[in-house]
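Student: what's the 3D shape of this:
(chains A, B, C and D, ligands or ions: 4)
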Amino acid sequence: MREITLSQAVNEALAEEMRRDETVFIIGEDVAEAGTPFKVLSGLVEEFGTARVVDTPIAEPGFMGIAVGAAMTGSRPVVDLMFGDFIFLIMDQLCNQAAKTHYMSGGKLSVPLVLRTNLGATRRSAAQHSQSLHALVAHIPGLKVALPSSAYEAKGLMKTAIRDNNPVVIFEDKLMYQEKAGVPDEEYLIPFGVANVKREGTDITLIATSSMVQVAEKAAEILAAEGISAEVIDPRTIVPLDEAALIKSVKKTSRAIVIDEGHQSYGVTSEIASRLNEKAFYHLDAPVLRMGAMDVPVPFSPALEDLTVPTPEGVAANARKLVAGEMLDGEMIHAA
Amino acid sequence: MREITLSQAVNEALAEEMRRDETVFIIGEDVAEAGTPFKVLSGLVEEFGTARVVDTPIAEPGFMGIAVGAAMTGSRPVVDLMFGDFIFLIMDQLCNQAAKTHYMSGGKLSVPLVLRTNLGATRRSAAQHSQSLHALVAHIPGLKVALPSSAYEAKGLMKTAIRDNNPVVIFEDKLMYQEKAGVPDEEYLIPFGVANVKREGTDITLIATSSMVQVAEKAAEILAAEGISAEVIDPRTIVPLDEAALIKSVKKTSRAIVIDEGHQSYGVTSEIASRLNEKAFYHLDAPVLRMGAMDVPVPFSPALEDLTVPTPEGVAANARKLVAGEMLDGEMIHAA
Amino acid sequence: MSTSKTKNSAQASAKHNAEDFLRMYRQMVRIRTFEDNANQLYLSAKMPGLTHMYSGEEAVAVGICEALRVTDKITSTHRGHGHCVAKGAEFKEMFCELLGKEEGYCRGKGGSMHIADQSNGNLGANAIVGGSMGIATGAAFTAKLLGKDDVTVCFFGDGATAQGLMYEVMNMAALWNLPIIYACENNGYSEYTKTAEIAAGSITGRAEAFGIEAHTVDGQDVLAVNSLTEQLVERCRKGEGPFFMELMTYRYHGHHVGDINREYYRSKDEEKDWRENKDPITQFARHLTSEGIATEEELEAMQAEIKADATAAVEYALKAKYPDASEVDMHVYAA
Amino acid sequence: MSTSKTKNSAQASAKHNAEDFLRMYRQMVRIRTFEDNANQLYLSAKMPGLTHMYSGEEAVAVGICEALRVTDKITSTHRGHGHCVAKGAEFKEMFCELLGKEEGYCRGKGGSMHIADQSNGNLGANAIVGGSMGIATGAAFTAKLLGKDDVTVCFFGDGATAQGLMYEVMNMAALWNLPIIYACENNGYSEYTKTAEIAAGSITGRAEAFGIEAHTVDGQDVLAVNSLTEQLVERCRKGEGPFFMELMTYRYHGHHVGDINREYYRSKDEEKDWRENKDPITQFARHLTSEGIATEEELEAMQAEIKADATAAVEYALKAKYPDASEVDMHVYAA
Ligand SMILES: Cc1ncc(C[n+]2csc(CCOP(=O)(O)OP(=O)(O)O)c2C)c(N)n1
Ligand SMILES: Cc1ncc(C[n+]2csc(CCOP(=O)(O)OP(=O)(O)O)c2C)c(N)n1
Ligand SMILES: [Mg+2]
Ligand SMILES: [Mg+2]
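Tutor: Ligands and ions are numbered 1, 2, ... in the order given. From the prediction side, this is the model:
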């Protein structure tokens, strides 16, 4: 299979859907000639013109609101939000308007809209350009949330998102834009709510999202060398969440660690761990552990920033303890 | 002890702190002559004048931003946000600016600010005036989050919040404004991070926040009549969270339900349940259950709205099953 | 870009015929009658929650919506019953919505603050002040993108002009020549505060600074409002939008139905003056009779008929069924 | 409210003495030198992350900050090194911050986009475009509340005028007469887009619509900037604020240090024209020598001295220690 970057995968998904459906348009800052600062959209304005690849002023609440209204009236906007951190600026339009319109109108109006943004630290961009804020969005009913973990997922989930009749938020890992993965030439879609078992295993389940999937896979390698068999699962969408697949795995392995790059407290790992505890309690041999980013604003200094995000070594260390039955109440190795 | 309403308690706290410290001021919509639509601030403008009880235009991001800058330069603003749902409008100023300034400046600047707002459904106000959004704020490091469950708490926590050197968000239960509780004449403060055991018990722990504390207490009464002894704990602040007190209780009772009025998924109940599972795992006789509001926008119709929030009967029913050992993986009674 | 100007009805009447006039009158009376019934439902504790009365402002919604086609869009506000009626809604579904019944326009899930007859191009009342400004601008964006000549009117109050979102979307509407009319209903108050205390400078001047042509119009004069709107709508269809209108008007009731003792922020005399001397319905009735378009008796008969309609609709709604419990988690996601 | 007007240096020079002039010159050269070194650190892969160069805009920060006292406040932007130097910061702590070292102004936690010498009244660079407009207005609010006569200057770019927050806080600043100056650094671009494509109408007109006196000034003429600022600051201290300034300027580098191939959005000729014909430092040097305030040799000696300072500071910063791992969760909460 040919290999393309995550950037190219997103670009292809958009181009294919824009060709298929002329109501699809892209709106955001420097999306046209510049093709975004990450160059993800390069070439699209040349094919689709400035009427469908729309450069905006720096007014995130404004163009998000415009997208909501456009979606309600027959268009399918793909909003480009340059950094995930800017989601704080558009929360009202996203959560009070887009998420609730279908329900508040008794099903009469709908908002088929995609919000493309990103997550991920360790780019030395400091506290306002490094956050992973998907937990906030996942808390609001009416929104769907996709977290692609490779170019393959990025393309398939984006195409599904564009065809979905609801507001969908896709967080891409900004450190992964130049990473390649096998992506078929033929068209494919990845359904929402279907987790992906990245690696099978029997001793412990590592549930990991987005940027943390590779961390979990590396941890699984480390563990394999020690004779510990780790299963790695990527939920791919956290709303809807493929609870059944996660529970099934944990019932098999009896142990789990949930790994996600959002802040740990009141975050994604809490929800997933809670569901496992509720629904696989009697199968668990040890507490479900959570490993999120530290509960600190992301520091600029490389010496500090790298400490805030879970690492393969940290995951392996916790897994080792869990499997050995050495994890007592309250003991836990943090992220680093 | 004299009894006063939650409204009066907040009003007293503000008046006392404004007398004590002339850098404290109130800013928000219709806070002066009107004393807010809930009449919580009545009389304050008469005592402190319009320079310190400041009516603003309808510009939540703007006056929140002004409060952040005022706090950074020697004032202690108390921001009045009329409905908790409007927090979506000010997330950037709250989470990108207020929450991170101290850290990003290496401790050189600080933002001693209180954001007063509210939570709670069943007021027939529909999806944009009924949300309980405290989980979102709790996820962001740098913010503290207080959830008073009575007039007594409301006064003591507000005074502590005003003296705190960090941004503190206080969510009042808007259905409780006219409810009375005993409040001492003498000055008192309630420290952050200290949970309150509202009722002692031995069979099960009900951890409940804000509006759900009374629900838990009523459930405990129902259960008591059946010979089940429930302990009710109110964390009072969810950031910082008095984890030790919660764990201690659960180690005693071996069973727990966490009850909160925010949406259940990716919400407050998930975090608390996860911590109990992680740190009291070997003491648990049954899965920790979570009961949040349903994952739906709040419907207007009374026939639907009341179904979305946990009730004493629902809590009691789940508790009964847990205590009887009848709660199997995956079975659970929802909110209603 | 012109400076603000005030239009009056004289310029307008020529091209309207009696039928148009009587429909406008009927729509204004329907709004007033709807609100009187809604207020009564509140006072008699039959309506859940609170609601905001449009009474006094009828000429704004009617004058504007009568200049629109069904496929033209509007966005509405917390004070949205008037816009809803004016864009073509029926009493029965509206009262059902107000009472949280299944047959309401939103199946009872929206209530007063989210009411809308979606099939007539109403994109919804909105409980976030200023919250619909992006939505309206987006509807205009769709029209342009898909090559339709539909126009969108964004209704909002003077208080909403304080929200930054307005300036963000006006900038884009101006840059992209979108077919939208921003209609500021300046009723002198936002909640319990006078406009002068919350709005610095000039409201129309703010639109003009973005290169948007802005007009001030007497919002109590339905023909003036209608005539100006017709012109601007026509120009929008030709790609000459956006436009801004400031409509000077007044709400008779309190901010919401529960706002009874309001003398601390506005005087009874002021209220009386507007009701007695500037009522849009009375003024228009006078015009209709003096021009010989209708007799007083005809107008009274129309009022009585509307009143009876409303009473019947209220009775229907009171007896109508609530949505089934199973609806609570329906419509969170579209299929 | 006056309409926009352009000032020039002639009106200003009288009340300044040679010492003031030389300090302004020195500060401009210090900024340019700082940026040259920062760019070099990036190109040689010694600096983590990206950074935005202020080169070309020096007269704006210096002209304004030289009119301020230490207790006056400023808020800065992502392009914040210039403001930081101009408000009194030292090279050593600034380079340490850029490199994420413990001795940086923010202990390495902020980096280029959050740099600030807080003790000199700099409330911080900000990585959210427009994000500091509320903060600046709040600082002015404190001054008024506590009866101080401090003034705040809010720096932001032309691109930031698209953010609604600006209109919200200008409205309040105007209603409450706050001692604040909104200083719009119009360098013709926001990222890779020309200002004309993202700003409809008139930028100063937008402030004027809120009743705020607005001025346009040549941002390459340090004396013009300084003289206008002095007047406005004085009037702010007397309670006549707020004011708005649009400063016409240009950034020499790309949007950030990594924006190298930029001909698709602006021409090399345009860049060359600004560098050769409108450079603020060259122009001011010419003025200083022609007025006999300094000789070319003296200015060159000053430049050399500053260059040596910068080199020493860079070397120091490169060797300085990183914050200890234990710092990672320090300063999340203030004691
Ligand atoms: C974002 C937001 N802030 C505050 C409110 C509370 N609120 C509801 S209506 C209103 C006043 C609106 O005034 P205006 O826009 O003039 O409309 P009017 O009520 O006069 O028709 C306020 C402050 C709200 N609903 N939404
Ligand atoms: C809210 C927000 N949106 C977008 C960005 C990305 N961004 C950083 S700088 C910039 C351009 C700013 O232009 P301008 O305000 O003119 O300042 P300049 O860079 O020209 O000094 C953009 C879009 C951001 N940092 N914050
Ligand atoms: Mg009004
Ligand atoms: Mg610029």
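
Student: helices of chain A, start to end?
Tutor: For chain A, the helices defined by DSSP state H cover A:6-20, A:44-48, A:60-72, A:91, A:99-104, A:134-138, A:151-163, A:212-225, A:243-253, A:268-280, A:302-305, A:312-323.

Student: which of these is buried the deepest?
Tutor: Counting by mean count of other Cβ atoms under 10 Å in any protein chain shown, helix A:60-72 has the highest mean neighbour count of the helices of chain A, with a mean of 31. Every residue, glycine included, has its C-beta placed from N, CA and C.

Student: tabulate the helices of chain A (a markdown table), appending mean pLDDT.
Tutor: Output for those, formatted as a markdown table (pLDDT from 0 to 100):
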| stretch | mean pLDDT |
| --- | --- |
| helix A:6-20 | 98 |
| helix A:44-48 | 98 |
| helix A:60-72 | 98 |
| helix A:91 | 98 |
| helix A:99-104 | 98 |
| helix A:134-138 | 98 |
| helix A:151-163 | 98 |
| helix A:212-225 | 98 |
| helix A:243-253 | 98 |
| helix A:268-280 | 97 |
| helix A:302-305 | 98 |
| helix A:312-323 | 96 |
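
Student: I'd like the ones you listed as JSON lines, with distance to C:A67 appended.
Tutor: Output for the helices of chain A, formatted as JSON lines (distance: least, Cβ to Cβ, whole Å):
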{"stretch": "helix A:6-20", "distance to C:A67": "35"}
{"stretch": "helix A:44-48", "distance to C:A67": "35"}
{"stretch": "helix A:60-72", "distance to C:A67": "20"}
{"stretch": "helix A:91", "distance to C:A67": "35"}
{"stretch": "helix A:99-104", "distance to C:A67": "26"}
{"stretch": "helix A:134-138", "distance to C:A67": "40"}
{"stretch": "helix A:151-163", "distance to C:A67": "36"}
{"stretch": "helix A:212-225", "distance to C:A67": "56"}
{"stretch": "helix A:243-253", "distance to C:A67": "52"}
{"stretch": "helix A:268-280", "distance to C:A67": "50"}
{"stretch": "helix A:302-305", "distance to C:A67": "58"}
{"stretch": "helix A:312-323", "distance to C:A67": "64"}
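
Student: run a quick neighbour tally on A:S254.
Tutor: Residue neighbour count, defined by other Cβ atoms under 10 Å in any protein chain shown, stands at 17 for A:S254.

Student: what sits against it?
Tutor: By Cβ atoms under 8 Å, 6 or more residues apart in numbering or on different chains, A:S254 lies in contact with A:283-286.

Student: export the residues you listed as a markdown table, with columns for neighbour count, distance to A:V258 and pLDDT.
Tutor: Below are the contacts of A:S254 laid out as a markdown table (neighbours: other Cβ atoms under 10 Å in any protein chain shown; distance: Cβ to Cβ, whole Å; pLDDT from 0 to 100):
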| residue | neighbour count | distance to A:V258 | pLDDT |
| --- | --- | --- | --- |
| A:H283 | 15 | 16 | 95 |
| A:L284 | 21 | 13 | 95 |
| A:D285 | 13 | 16 | 94 |
| A:A286 | 21 | 13 | 94 |
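
Student: thanks a lot, catch you later.
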